[in-house]
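Student: Model the following, please.
(2 chains)
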Amino acid sequence: NAGVTQTPKFRVLKTGQSMTLLCAQDMNHEYMYWYRQDPGMGLRLIHYSVGEGTTAKGEVPDGYNVSRLKKQNFLLGLESAAPSQTSVYFCASSSGGVSYEQYFGPGTRLTVT
Amino acid sequence: KNEVEQSPQNLTAQEGEFITINCSYSVGISALHWLQQHPGGGIVSLFMLSSGKKKHGRLIATINIQEKHSSLHITASHPRDSAVYICAVSGNQFYFGTGTSLTVIP
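Tutor: Residues are numbered from 1 along each chain as shown, chains lettered A, B, ... in the order given. Predicted coordinates for the structure are as follows:
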C-alpha cells in the first residue's frame, strides 16, 4: 500500500496563477484533510471531507477550494495564488473523525513569487 | 492563545540521554497524539492516547487528563531520533502544537 500520496512535491507559482494539489489514499478512509504548515505555527486545517462528495471549511479556508469526487482523492485548488499562500501543504486521511489516527502524506512545498 | 503548548521549543541532547518533551492543552479532548516529522520529510503518528501510558520501543507517552498535560519520553536517545515532535489534541477539531525540534548529537 502506498498510504497517502501527494502530487506535486514542489511547485513555484507566480502571483495570480492557479494550480491544483492532488491527494490520494489507498486505505479506504472516509475522512480526508488538507493542512498548511508555516514556520513557527502549528499545522492549520484548510478544508476537510467526511466522505465522497462532501467538503467543509477548516480554520483557514480563504483562497482555497476543494473537491472530493472520488473517495480516494481529495483535491486542493488555488484559483489565484498569493505570496501568503507560500507554505508546505500536507494531506491526511483517517478512518474516522478527530479521535482516530491520521495518516499524513509527504507534503507539497509551494512557493508563490 | 494557543490551545496546545509544547516545551521546550528546541532541545539538543547527547546520544544516550533521556529526553522529555512536554505538552499542555487548554481544551476538552477525546485523544492526544504525538507526531514525528523528520527534516524534509512527512509526518508520522507515534502515539494516540486518551489515558495512562503507552510504550513503543524507546518511546513512552503519558497523559494526565486532570492536569491537561502529556509527556513524550525518549530513552537512550540516538541521532536518528533527531526530528520535530508535534503534540496534537482531538477536541471538536484537531489542534496542533508548534513542535519541539530535537537534535541528538553523537
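Student: what stretches of the chain score poorly on pLDDT?
Tutor: Picked chain A for this. Within chain A, the stretches falling below the threshold (pLDDT under 70) are A:1.
Student: actually it's chain B I care about, not the one you picked
Tutor: Counting by pLDDT under 70, chain B shows low-confidence ranges at B:1.
Student: Check the secondary structure at A:Trp75 for me.
Tutor: Quick fix: residue A:75 is Leu, not Trp. Applying DSSP: H, G, I helix; E, B strand; the rest coil to A:Leu75 yields a three-state assignment of strand.
Student: beta partners of it?
Tutor: In this structure, A:Leu75 has the following beta-bridge partners (DSSP bridges): A:Leu22, A:Ser67.
Student: Report the contact partners of it.
Tutor: For A:Leu75, the set of contacting residues under the criterion of CB atoms under 8 Å, 6 or more residues apart in numbering or on different chains consists of A:Thr20, A:Leu21, A:Leu22, A:Cys23, A:Val66, A:Ser67, A:Arg68, A:Leu69. To be clear about C-beta, it is placed using only N, CA and C from the backbone, and glycine gets the same treatment.
Student: A:Leu13 too?
Tutor: Shown here is A:Leu13, whose contacts under the criterion CB under 8 Å, 6+ apart are A:Met19, A:Leu78, A:Ala81, A:Leu110, A:Thr111, A:Val112, A:Thr113.
Student: From A:Tyr100, how far off is it?
Tutor: Using CB to CB, to the nearest Å, one obtains 33 Å as the distance from A:Leu13 to A:Tyr100.
Student: same deal with B:Lys68?
Tutor: In this structure, B:Lys68 lies at 21 Å from A:Tyr100, with CB to CB as the measure.
Student: cool, and A:Ser80?
Tutor: Look at A:Ser80 and A:Tyr100: by CB to CB, they are 34 Å apart.
Student: can you check B:Ala13 too?
Tutor: To A:Tyr100, B:Ala13 is 32 Å away according to CB to CB.
Student: same thing with B:Val89?
Tutor: 13 Å.
Student: neighbour count winner among those two?
Tutor: Neighbours around B:Val89 and A:Tyr100, counted as other CB atoms under 10 Å in any protein chain shown, are more numerous at B:Val89. The numbers are 25 against 18.
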